[in-house]
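> model this:
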Amino acid sequence: MTIAFHSLNYPPPVLGYMNKHRSQYATRTSPALAFPPSSILLQTDDSGNLIDSNKNPSSSTVSTSCNSGGSLLNQENTVGIIGGTSINSTLNFFKKLVQWSTKDGDDSPPFVLCSDPVLSKELSLHERKSFPSSVSKNEHFQKDHAPIENLRRKRAFLEDSGARCIIMPCHISHSWHDEVSRGSSVPFLHMGECVAKELKEAKLRPLEAGSSLQIGVLATDAILKAGFYQEKLQNEGFEVVLPDKATMEHTVIPAIEALNRKDMEGARNLLRIALQVLLVRAVNTVVLASDDMRKLLPQDDPLLKKCVDPMDALARSTIKWARSAGKGT
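Purely as a prediction, here's the structure:
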């Protein structure tokens, strides 16, 4: 199943589901979810023609056919979004993208959003798995090509829908960013690059005289082993500090286990310890690359203020791209 939001400057938001086997849309409204007034559901009839769901189902259909190869959106600044392990995290990112892009009175960029529960389960499984430290990134992530092929299909769907830029607001998906983006006909933003560039532009200074600029990275074992945050930060000249083995074994992993048990207080306390261990090692800031761990801390927590959220950096970079593309630059 694929959820697709299509921003076409029409009124009320609706959720749309595309059955991947039949390639047809069915509808379901969701009053609990808040989306901008620029959302519309496109669904198909039995012949594959697109229907405007804001009209009566018996009304005439839009002439575009899903099988005709025509793009749903034609704006130069259309954004394609591939959902990740959690629909809630995807929607939280989407909310930031819309709110931040419209806060100065500008329009939200047109977008197409895909969220496939099958892909979400595949990604979640990979993040939960624990691999021996001797397993390299390539051995680890190339054993199973299912997520890669699934992500590639989503990318192709978004490109065919008219997306002029692709983003993945999901940490684990970026483990295969190189493979998924290869051959893309449009820009494919990398969340790690967005973070690294923003930190570079911040012109940070070392906390200790004579030392290098150090950035901490805190995430699940799978994300740290994938290594893309470390790579992108190092490419910008930063020294990357990761949790040591003892910190992973006694704080990070137990925090995730506590979170899975719904022991929020225990998980929160362990996370605070892990962050403090990194911060005492003279890091300027910590890239907290886990939505679940980030949600453990209240927004006004002093430790959270010393962390950066890769999702925020990706949202800002997407808005910057969309505004530039919208101006034809």
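> Kindly state the pLDDT recorded for the most centrally placed residue in the chain?
The chain has Pro169 as the residue nearest its centroid, 0.6 Å off, counting by CA atoms, centre = their mean. pLDDT recorded at Pro169 is 96.
> so what's it up against?
Pro169 makes contacts with Ile81, Gly83, Gly84, Ser89, Thr90, Phe93, Phe94, Met191, Met311, Leu314, Ala315, as judged by CB atoms under 8 Å, 6 or more residues apart in numbering. To be clear about C-beta, it is placed using only N, CA and C from the backbone, and glycine gets the same treatment.
> can you check Glu236 too?
Ala196, Lys197, Leu199, Lys200.
> Check which helix or strand the second one maps to.
Spelled out, it's Lys197. Element membership for Lys197, per DSSP states H and E: helix 191-201.
> Residues touching that helix, excluding its own?
Residues outside helix 191-201 that contact it (CB under 8 Å, 6+ apart) are 167-169, 171, 174, 215, 228-229, 231-233, 235-238, 284-285, 287, 308, 310-311, 313-314, 316-317.
> What residues sit buried inside that helix?
Met191, Gly192, Glu193, Cys194, Val195, Ala196, Lys197, Glu198, Leu199 (16 or more other CB atoms under 10 Å).
> same deal with stretch 202-213?
Residues of stretch 202-213 classed as buried under the neighbour-count rule (16+ other CB under 10 Å) are Leu213.
> same thing with stretch 212-228?
Within stretch 212-228, the residues scored as buried using 16+ other CB under 10 Å are 213-228.
> and these, which two are the farthest apart?
Greatest spatial distance in these: Leu213 and Ala222, 26.3 Å, computed using CB to CB.
> can you give me the mean pLDDT across stretch 258-276?
Averaging pLDDT along stretch 258-276 yields 96.
> can you check stretch 79-99 too?
According to the model, stretch 79-99 has a mean pLDDT of 92.
> how many other residues sit next to Lys305?
With neighbours defined by other CB atoms under 10 Å, the count for Lys305 comes to 10.
> Then the one 5 residues further on?
Close neighbours of Pro310, defined as other CB under 10 Å, add up to 26.
> Now it, what are its backbone angles?
Per-residue torsions, Pro310: phi -60, psi -30 (degrees, to the nearest 10).
> tell me the contacts of it?
By CB under 8 Å, 6+ apart, the contact set of Pro310 is His171, Met191, Gly192, Cys194, Val195, Tyr229, Val287, Ala289.
> Let me know the closest of those residues to Leu158.
Met191 (16.5 Å).
> could you pull out the helices for the stretch 101-250 of the chain?
For the stretch 101-250 of the chain, the helices defined by DSSP state H, counting those that start in this stretch occupy 117-128, 137-141, 146-160, 177-181, 191-201, 221-226, 228-235, 245-247.
> Sketch out the low-pLDDT regions of the chain for me.
By pLDDT under 70, the low-scoring segments of the chain are 1-70, 129-144, 329.
> Break down this protein into its strands, ranges please.
Using DSSP state E, the strands of the chain run over residues 2-7, 15-19, 24-28, 39-40, 42-44, 50-52, 79-82, 111-115, 165-167, 214-218, 239-241, 285-288, 307-308.
> now the nearest residue to Ser175 once chain neighbours are set aside: how far from His171?
Closest residue to Ser175 apart from its sequence neighbours, by CB to CB, 6 or more residues apart in numbering: Ala226 at 3.9 Å. From Ala226 across to His171, the span is 9 Å (CB to CB, to the nearest Å).
> and if you look at Glu76?
For Glu76, the distance to His171 - CB to CB - is 29 Å.
> Leu278: what's its closest spatial neighbour, skipping adjacent residues?
Closest to Leu278 by CB to CB, 6+ apart is Gly216, at 3.9 Å.
> Render the CA-only coordinates of stretch 234-241 in PDB, please.
Taking C-alpha atoms only, stretch 234-241 is exported to PDB below (Å, rounded to 0.1, in the frame of the first residue of the first chain):
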ATOM      1  CA  GLN A 234      34.300  14.200   7.900                       C
ATOM      2  CA  ASN A 235      34.000  15.500   4.300                       C
ATOM      3  CA  GLU A 236      33.300  18.900   5.800                       C
ATOM      4  CA  GLY A 237      36.400  18.800   8.000                       C
ATOM      5  CA  PHE A 238      34.800  17.800  11.300                       C
ATOM      6  CA  GLU A 239      36.200  15.200  13.700                       C
ATOM      7  CA  VAL A 240      33.400  12.800  14.500                       C
ATOM      8  CA  VAL A 241      33.000  11.400  18.100                       C
END
